[in-house]
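1. model the structure of this input:
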Amino acid sequence: MLKEFKDFIMTGNVVEFAVAVIMAGAIGLVVTGFVNNIIMPVVGHFAGGIDFADKKMVLDEAVVDAAGKVTSPENAIMWGSWVNTIINLLIVGFVMFMIVKAYNKMKKPPEEAAPAGPSDNDLLMEIRDALKK
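-> Numbering: from 1, shown residues only. Here you go, the predicted structure:
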């Protein structure tokens, strides 16, 4: 059973899948940084200085006691963070599309079959007919 597991793990598909998962995680981190640090400040600038990451709809305010300690934290819907996540998804999808498109271009096109000529029997019949004449 251990040998079967080793054979399974060492197949190309499993190794390629593992590399793809690791690369997807790395691309996700790069895109998240790109969106949060480059795209969203530009969007916020053109939207009147808005920082979407901090946008939220407060459902329940935080409860603070007399000493200034928070006894019940704020309950809020963080819709700005969700907007950032949607932009991340769109960019990751576009990047993955471009990677797959480039990969498909690099793949060698399948070889076309040689044009079908006369079969051996056809050639032999032609030779026979020519010899008869």
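2. G117 should be in a helix, yeah?
-> No - counting by DSSP: H, G, I helix; E, B strand; the rest coil, G117 is not found in a helix; it is coil.
3. for the longest helix anywhere in the chain, packing partners?
-> Using DSSP state H, we find that the single longest helix of the chain is helix 79-106. Packing partners of helix 79-106 (3 or more C-beta pairs under 8 Å, 6 or more residues apart in numbering; DSSP states H and E): helix 12-34. In short, each C-beta sits where N, CA and C put it, glycine included.
4. how far is the longest helix of the chain from where the chain is centred?
-> Taking C-alpha atoms, centre = their mean, to the nearest Å, one finds the center of helix 79-106 at 6 Å from the center of the full chain.
5. would you mind listing the buried residues in that helix?
-> Using 16 or more other C-beta atoms under 10 Å as the test for burial, helix 79-106 gives 80, 83-84, 87-88, 91-92.
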